[in-house]
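Novice: give the three-dimensional model of this entry:
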Amino acid sequence: MAEVSTAVRRPKSLYEVLRVKETASVEEIKAGYRSMAKRFHPDVAPAAGGPDFLEIHRAYEMLSDPTARARYDLSIGRLGFRAAAPPRSRRWETDQCW
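Specialist: Numbering: from 1, shown residues only. The predicted model follows:
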């Protein structure tokens, strides 16, 4: 009988680590993290949990922070327009408190 490995393969992106789409919402990223953490936490899977869990945790840290996620998206060649707010133009007339 062949053994089934539950180890995380070396993914191409942090999205693949959490097994979510690149368009995933913050809630979907959190759900992906929780799902993977339940499988690979060192208390649950001591043999394979350590390094895999650290990779999962690092992916969640990066993707759960909107600024870090936008930088990561740009670094992998994905436009991160949805994560970063467009710059707000300010006008002197509208910024005054009368």
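Novice: tally of neighbours for Gly77?
Specialist: Burial of Gly77 is recorded as 6 neighbouring residues (other Cβ atoms under 10 Å). Using the backbone N, CA and C atoms, a C-beta is placed for each residue, glycine as well.
Novice: same check, this time on Lys12
Specialist: As a burial measure, the neighbour count of Lys12 was computed by other Cβ under 10 Å and equals 9.
Novice: check the one 3 residues further on too.
Specialist: By other Cβ under 10 Å, 22 other residues sit near Tyr15.
Novice: wait, it sits on Leu63?
Specialist: Yes. Applying Cβ atoms under 8 Å, one finds Tyr15 in contact with Leu63, separated by 7.2 Å.
Novice: and for these two, which residues touch both?
Specialist: Shared contacts of Tyr15 and Leu63, defined by Cβ atoms under 8 Å, 6 or more residues apart in numbering, are found at Ala24.
Novice: for Arg19, what are its contacts?
Specialist: Applying Cβ under 8 Å, 6+ apart, we find Arg19 in contact with 32, 35-36.
Novice: likewise for Tyr60?
Specialist: 18, 29-30, 33.
Novice: export these to JSON lines and append columns for neighbour count.
Specialist: As requested, the contacts of Tyr60 are arranged in JSON lines below (neighbours: other Cβ atoms under 10 Å):
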{"residue": "Leu18", "neighbour count": "27"}
{"residue": "Ile29", "neighbour count": "21"}
{"residue": "Lys30", "neighbour count": "16"}
{"residue": "Tyr33", "neighbour count": "21"}
